[in-house]
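Student: below: sequence and its predicted model.
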Amino acid sequence: MSAMPGPGDLPDPKEIEELLLGGKLLHTRVDVVRRAGVSREFSSRVWRAFGYPSMPDSEVAYTDDDVTALNRIHRLIDDGVLDEDGVIRLVRAFGQTMTRLAEWQVNLLSGTLAADR
């Protein structure tokens, strides 16, 4: 029989969040917009298309990778690869695909855990 984990054995929720998000939450929305060199309106459209919740401007909710991603997405427009509507359609398709994959993973893990009981 294995011992039940104690409070010290549980993973830190902040560590899990950082692992899932790819880094520490360091930036507010205003910081991300400024650092990525995009407009507030463009960032709003991108985050909405990805399916992210709307965050207050003052909340630290973004990583360095979010800045990089927003900059790269905008570069598709700057380089003439896509127009803004094309970028938003691409981001929306990507976000919907990631949502489906996450749902599949949760269902798979839930089924596996339920079967182990």
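Tutor: On my side now, so go ahead.
Student: tell me where the model's unsure across the chain.
Tutor: For the chain, residues meeting the criterion pLDDT under 70 lie at 1-10, 17-18, 20-21.
Student: longest helix of it?
Tutor: Ranked by residue count and defined by DSSP state H, the top helix of the chain is helix 84-116.
Student: next one: phi and psi at residue 27?
Tutor: The main-chain torsion angles of residue 27 are listed as degrees, to the nearest 10 and equal phi -120, psi 150.
Student: do I have it right that it meets residue 63?
Tutor: Yes: here residue 27 reaches residue 63: they are 7.2 Å apart, a contact under C-beta atoms under 8 Å. No exception for glycine: its C-beta is placed from N, CA and C like everyone else's.
Student: list the buried residues in the longest helix of the chain.
Tutor: Judged by neighbour count using 16 or more other C-beta atoms under 10 Å, the buried positions of helix 84-116 are 87-88, 91-92, 95.
Student: for it, which helices and strands make contact with it?
Tutor: Applying 3 or more C-beta pairs under 8 Å, 6 or more residues apart in numbering; DSSP states H and E, we find helix 84-116 packed against helix 40-50, helix 64-78.
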